[in-house]
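> only geometry, no sequence info:
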């Protein structure tokens, strides 16, 4: 007789029965805690295989400081108003030392590539100055060996029509100012202005003239600079002060530069529209070139040699009385009264470093960021060489890069001195907003 053992089934509570009921179909018996654990594991596995939810993550925040200062876009010769300026920022902020936005472009119909800092307007005016036929001439009173000439390009629609008068032709922007051979440095100054992104000087090229309309001293084979003649430069009606758009003394100028002061000069509308940033550009430019005629024509910022014009004309003696000191060649265009125009930029290439004129920087507390970035990049010489190659006459006359390097090294050393000055005086830089 076989014995049969019967194991009684335990009674289950409602909760236990519900937890184990699915597993009974599989012949499995689990305790309530184990069943709960298995269910949790299956739930997690299901979540893992669900499709990802839509991405609602926030966009990345913009950088606190831009990677580099933007270049000015405005064409200084187009007559547009000056760009607004951002508040100064400390020079010690994190910045790239490389100048921004560098590159080259190929001109339409021209094989040679041109630097981007030379605008199409610059290139057109340079071509007019370098290749235009002289069709008229006018002496500039009280300016010695300086002559204004009307120019026409071969194949121009006006090529067969002589101008009714030089004045009328110059109103069309088709004139240039031929200067002395000793002023050839103005061509370098123009390229320096463009490389630094200041865009305040007028186009200039070097040229030899052969026109029968010109005196022999202009056609003897010597290389002279010719500067584009801006037809709407604003001059004072005062015959003794016609090289200014506004009459401005040194003390007034220094008062204008004070922080948080409006640039107002009583009864002088043109000067009141010139913002602080324009004086900063002028001071930086003049210091690199050591141009004294605008901000320090009396040579008060250094001990001049007896041969200096400020000594020969007895101007240096006026340094004892600041009230007698005035600024010269402070010019704007009627089409852009808030932008300075830099003229007579020959400067002093041989001015010794121990006599650098720091008075040109007096009162300036900030400088344009784009220009400072270029000075800090260490590429100033190479950029200038790239730009100067566009002027074939100047390039060949100076012996190419080999002949120009000593001159560019002088500018580069002054740039390093200026950067040290900015750092030692804890000065700031400002950036221009897009126009």
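Thanks, I have the structure now. These numbers come from a predicted model, not from an experiment. Numbers count the residues shown, from 1 in each chain.

> show me what the top helix by length along the chain is in contact with.
Longest helix of the chain, by residue count under DSSP state H: helix 400-424. Here helix 400-424 makes contact (CB atoms under 8 Å, 6 or more residues apart in numbering) with 91, 188, 192, 284, 287-290, 349, 353, 356, 358, 361, 367, 372, 375-376, 380-381, 384-385, 388, 395, 398, 427. Every residue, glycine included, has its C-beta placed from N, CA and C.

> report the rounded mean pLDDT for that helix.
The predicted model gives helix 400-424 an average pLDDT of 97.

> how about that helix: buried residues?
Across helix 400-424, burial judged by 16 or more other CB atoms under 10 Å covers 404-405, 407-408, 410-412, 414-415, 418, 422.

> pick the one among those residues closest to residue 306.
Among these, residue 410 lies closest to residue 306 (CB to CB), at 23.0 Å.

> how much space separates the closest one from residue 323?
Separation of residue 410 from residue 323 (CB to CB, to the nearest Å): 35 Å.

> so what's residue 288 closest to, chain neighbours aside?
residue 414 (5.2 Å; CB to CB, 6 or more residues apart in numbering).

> same check, this time on residue 389
Leaving aside its chain neighbours, residue 389 sits nearest to residue 395 (5.8 Å; criterion: CB to CB, 6+ apart).

> and residue 295, backbone torsions?
phi -90, psi -20 (degrees, to the nearest 10).

> ok, now residue 297?
Dihedral angles (degrees, to the nearest 10) for residue 297: phi -70, psi -10.

> what about it, how many neighbours?
Residues within reach of residue 297, counting by other CB atoms under 10 Å, total 21.

> that one and residue 185: what is the separation?
Taking CB to CB, one finds residue 297 at 18 Å from residue 185.

> residue boundaries of the strands in this protein?
For the chain, strands defined by DSSP state E occupy the ranges 89-90, 104-106, 113-115, 133-139, 147-152, 175-178, 204-207, 224-228, 331-333, 336-341, 366-368, 428-430.

> tell me the helices and strands packed up against the fourth one.
Translated: strand 133-139. strand 147-152, helix 166-171 (3 or more CB pairs under 8 Å, 6 or more residues apart in numbering; DSSP states H and E).

> pick out the shakiest of the ones you listed, pLDDT-wise.
helix 166-171 - the lowest mean pLDDT of the helices and strands packed on strand 133-139, at a mean of 72.

> how many residues are close by residue 224?
22.

> please read the previous query as pertaining to residue 259.
For residue 259, using other CB under 10 Å, the count is 9.

> what does residue 195 give?
23.

> now do residue 115
Per other CB under 10 Å, the neighbour tally for residue 115 reads 18.

> for residue 251, see how far away residue 238 is.
In terms of CB to CB, residue 238 sits 20 Å off from residue 251.

> between the two, which is the more surrounded one?
Shown here are residue 238 and residue 251; by other CB under 10 Å, residue 251 has more neighbours (13 against 10).

> contacts only, for that one.
322-323, 325.

> again, but for residue 398
Counting by CB under 8 Å, 6+ apart, residue 398 touches 404, 407.

> from here on, count from 47
Will do, 47 is the new start, and the previous item becomes residue 444.

> in PyMOL, how would I select just the buried ones from the contacts of helix 446-470?
A single PyMOL command selects the buried members of the contacts of helix 446-470 (16+ other CB under 10 Å):
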select buried, resi 137+234+238+330+333+334+335+336+402+407+413+418+421+422+426+427+430+431+434+441+444+473
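
> poorly predicted segments of the stretch 147-296 of the chain, please.
Scanning the stretch 147-296 of the chain for pLDDT under 70 picks out the ranges 147-158, 188-189, 202-215, 285-287.

> if you set the cut-off to 80 instead, what comes out?
Residue ranges of the stretch 147-296 of the chain with pLDDT under 80: 147-158, 187-190, 201-215, 283-288.
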